[in-house]
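Enquirer: Quick one, what's the 3D model for this:
(4 chains)
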There are 2 protein chains.
Amino acid sequence: MDTTQLLKGVLDAAVLAVVEAEDGYGYDVVRRLRSQGLDDVGDASVYGTLRRLYADGALTSYVVPSAAGPHRKYYGITTHGRQMLAIQRKEWQEFAATVGGVLGTRNEAA
Amino acid sequence: MDTTQLLKGVLDAAVLAVVEAEDGYGYDVVRRLRSQGLDDVGDASVYGTLRRLYADGALTSYVVPSAAGPHRKYYGITTHGRQMLAIQRKEWQEFAATVGGVLGTRNEAA
DNA sequence: AGCCAGTAGTGCGCATCGCGCAGTAGTGTC
DNA sequence: GACACTACTGCGCGATGCGCACTACTGGCT
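Expert: Here you go, the predicted model:
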């Protein structure tokens, strides 16, 4: 099954949430997202999202040399990023509740 | 707020669900979706989705002359459409649960 | 009659965004 | 020194929702 389209509009929030939990670099964020159930998220999508969020001022970035491999570009969440995440969490909840209603699969959501 | 991206991948299922509940024509489906919370769904999106679903064999179509206005192109769900809807409902549930987990906004979903 | 609003549908081109794939680069292993 | 793993970048594609313009039919207002 293809969750590609479903991911749209949610990847931003997911990446923000992961980085909020703990600073991370691209490769690491990809792995964390996958381990949390977003199995088939593409690495290029995540890198792209990180760059976009950084450009939007939602993330800060600092480079850390790695012991085993190339340097790592770590990302941390900014105040602005936290605000964006809060809004997107809310949007998601409302949207999910609405869709659940339309599909008749509601779960007493918010 | 802009739910455009969130809608992607869900409109198909939403339209199928609405038509499953009762046969409907484009204009009507748009209104029903909007009244159910998908406030800002564009009419062109729905018409396009209906045509796509029809082309995919998920919907049948029959024209009914209208008393007040142009003819109405009614759509009904097919067996194939019902199967698609069942799959998409399931995908949505799983996806919503996963995203809820990542965002930390889970609601005891399926 | 002339015009506008409401209903109903089609077509066109655009924007967003996730993805596949190729390429670069650093480290360790056989 | 070929290969594998780690890590990041860039390019072009494809799916899909949207805005807008256009057609077309009915009815009400002037």
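
Enquirer: Check the offset of stretch A:61-71 from the chain's centre.
Expert: Centroid separation between stretch A:61-71 and its chain, computed with Cα atoms, centre = their mean, to the nearest Å, is 21 Å.

Enquirer: quick one: that stretch near DNA strand D?
Expert: Yes - against DNA strand D, stretch A:61-71 shows contacts by Cβ under 7 Å from any atom of the strand at A:Ser66, A:Ala68, A:Gly69, A:Pro70, A:His71. Using the backbone N, CA and C atoms, a C-beta is placed for each residue, glycine as well.

Enquirer: what's the straight distance from one end of that stretch to the other?
Expert: For stretch A:61-71, the first-to-last residue distance is 13 Å (Cα to Cα, to the nearest Å).

Enquirer: Can you point out the buried residues in that stretch?
Expert: By neighbour count with 16 or more other Cβ atoms under 10 Å in any protein chain shown, stretch A:61-71 contains no buried residues.

Enquirer: any idea how far A:Gln93 is from A:Tyr74?
Expert: As judged by Cβ to Cβ, to the nearest Å, A:Tyr74 and A:Gln93 stand 29 Å apart.

Enquirer: now swap in A:Ala67 and tell me
Expert: For A:Ala67 relative to A:Gln93 (Cβ to Cβ), the value is 41 Å.

Enquirer: which non-adjacent residue is nearest the residue in chain A positioned nearest to DNA strand C?
Expert: DNA strand C sits closest to A:Ser45 of chain A, with a gap of 2.8 Å, by Cβ to the nearest atom of the strand. In this structure, A:Ser45 finds its nearest non-sequential neighbour in A:Leu11, 6.2 Å apart by Cβ to Cβ, 6 or more residues apart in numbering or on different chains.

Enquirer: Could you check which helix or strand contains the spatially most central residue of chain A?
Expert: Centroid-nearest residue in chain A: A:Val15, 1.7 Å away (criterion: Cα atoms, centre = their mean). According to DSSP states H and E, A:Val15 maps onto helix A:11-21.

Enquirer: That helix and DNA strand C in contact?
Expert: Yes - residues of helix A:11-21 are located near DNA strand C by Cβ under 7 Å from any atom of the strand, namely A:Leu11, A:Asp12.

Enquirer: mind listing what the closest residue to A:Arg72 other than its chain neighbours touches?
Expert: Spatial nearest neighbour of A:Arg72, excluding adjacent residues (Cβ to Cβ, 6+ apart): A:Tyr25 at 4.0 Å. By Cβ atoms under 8 Å, 6 or more residues apart in numbering or on different chains, A:Tyr25 lies in contact with A:Val64, A:Arg72, A:Lys73, A:Tyr74, A:Tyr75.

Enquirer: what about whatever residue of chain A ends up closest to DNA strand D, distance to A:Arg51?
Expert: Going by Cβ to the nearest atom of the strand, DNA strand D is nearest to A:Gly26 of chain A, at 3.0 Å. Going from A:Gly26 to A:Arg51 by Cβ to Cβ gives 9 Å.

Enquirer: what's the answer for A:Gly9, then?
Expert: Using Cβ to Cβ, we find A:Gly9 at a distance of 17 Å from A:Arg51.
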